[in-house]
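J.: Sequence and predicted structure, then a few things I'm wondering about:
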Amino acid sequence: MVRIPPPGVYVPSPTFFKPLSPGAHQAEVDVATQSEHSVFLAKNGVHGLVLLGSTGEAVHLSRTERRDLLGGVRKGLDDAGFPDYPIMAGVLVNAVDEALEWLQDSKDVGCQWGLVLAPGYFGGAASQQGLIEWYTTVADRSPIPILIYNYPGVTNGLTVTPETYEKLAKHPNIVGCKMSHGNVSYHVQVSTSPEIDHEKFQVFSGFGQQLGPIVLFNAAGVIDGLAAFFPRTVVRLFELVSKRPIDDAAIKEARVLQYRVSRAEDFIGRWGILGIREGIYRVAGLGNLEGGRAPLRGKIPEGAWEEWTNVMKAMSES
């Protein structure tokens, strides 16, 4: 039987790198810290991980580095008492055979699902029918179930339509999607479509700003960067809005939390991967501020973290 990812809050983990060694052309991947952060998330209620997605900079790693990272995290979670913890592995390539290679590697080291980015090298020149053909070919041959990953910001504006999701959701090896864009209507249409068996196809958003609205309308949850360093807050919001039936007290608390999460997400939106790394370092004490790999090497400007935390503190006290 094809395994469906459980609903909840997943974290798109950034990849951790060691400080750049003298004479080295780039920093080494820090698998130990990657595992430590993964265990931190599991202990704080996060329901699953996305490793080596867009936030995880998979495109900056070699095949060996990707395999070592995925396998190291799986072992770290197992050793910490979290066997079979849900892991989606990113697949960020356009060639079908290469996508299948990434998926096989992910399966070999214990990942349960592949989060497969829409092939957007040619942007809008790719038709919806072309996307259906591409994903069907991958899903037919993938050794693990896959989710459709639509992030127009890194695929030249390519957007998967609700009608395309309806068609692809019928494939037994396609078990969900992640939409990383602001079109809430698309989220709700796919989450509520009568053409989709929602027991077999889970809808996730890449934005915590959308958590409350979309989960109320049957979405499975979020894959959210803020939860990388404030996991309990995002998990609590999910718990509230996923209650059935939802009571007035839950709605009242959820409104407060959704506002705070949405405001906090402005930091992620502004600083992206560098901001997530900074948040993890400041809150969980993991990683470093010496940057990663070019062109994303570096850190956020001095004072940016303090400015943001002052705003959040004032908001929580009001």
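T.: That came in fine, so what should we check first? Note that the structure is predicted; figures quoted are calculated from it, not measured. Numbers count the residues shown, from 1 in each chain.
J.: What's the per-residue pLDDT of the residue nearest to residue 128 when sequence neighbours are not counted here?
T.: On the basis of Cβ to Cβ, 6 or more residues apart in numbering, the spatially nearest residue to residue 128 that is not a chain neighbour turns out to be residue 164, at 4.7 Å. (Glycine included, C-beta is placed from N, CA and C.) pLDDT, residue 164: 98.
J.: Could you do residue 315 as well?
T.: The confidence metric pLDDT takes the value 58 at residue 315.
J.: circling back: give me the distance between the helix or strand containing the residue nearest to residue 128 and the centre of its chain.
T.: Element membership of residue 164, judged by DSSP states H and E, is helix 162-168. Relative to the centre of its chain, helix 162-168 is centred 21 Å away, using Cα atoms, centre = their mean, to the nearest Å.
J.: Quick one: mean pLDDT for the next helix or strand after that helix?
T.: Scanning forward in sequence from helix 162-168, with DSSP H and E defining helices and strands, the next element found is strand 174-179. Per-residue pLDDT values across strand 174-179 average out to 98.
J.: And residue 27, how close does it get to residue 21?
T.: Residue 27 sits 8 Å away from residue 21, going by Cβ to Cβ, to the nearest Å.
J.: So these two - more neighbours on which side?
T.: Comparing residue 27 with residue 21 by neighbour count (other Cβ atoms under 10 Å), the higher total belongs to residue 27, at 20 against 10.
J.: pretty sure residue 9 is in contact with residue 232, am I right?
T.: No: applying Cβ atoms under 8 Å, one finds residue 9 not in contact with residue 232, separated by 9.9 Å.
J.: Return every residue with contacts to both of these two.
T.: residue 45 (Cβ atoms under 8 Å, 6 or more residues apart in numbering).
J.: which of the two has more neighbours?
T.: When neighbours are counted by other Cβ under 10 Å, residue 9 comes out ahead of the other of residue 9 and residue 232, with 27 against 12.
J.: doesn't the more buried one fall inside a strand?
T.: Yes: read with DSSP: H, G, I helix; E, B strand; the rest coil, residue 9 is one of the residues of a strand.
J.: Name the residues linked to it by a beta bridge.
T.: The residues paired with residue 9 through beta bridges, assigned by DSSP bridges, are residue 222.
J.: Return the residues in contact with it.
T.: Counting by Cβ under 8 Å, 6+ apart, residue 9 makes contact with 45, 46, 47, 221, 222, 224, 227, 231, 234, 235, 238.
J.: Now the third one: closest residue in space that isn't a chain neighbour?
T.: The one in question is residue 47. Leaving out its chain neighbours, the residue that sits closest to residue 47 by Cβ to Cβ, 6+ apart is residue 8, at 2.8 Å.
J.: just residue 188 next, same as before
T.: residue 217 (4.8 Å).
J.: what's around the closest residue to residue 26 other than its chain neighbours, how many residues?
T.: Nearest residue to residue 26, sequence neighbours excluded (Cβ to Cβ, 6+ apart): residue 293, at 5.1 Å. The tally of other residues near residue 293 (other Cβ under 10 Å) stands at 18.
J.: Residue 293 contacts residue 59, doesn't it?
T.: No: proximity of residue 293 to residue 59 does not meet the contact threshold set by Cβ under 8 Å, at 9.9 Å.
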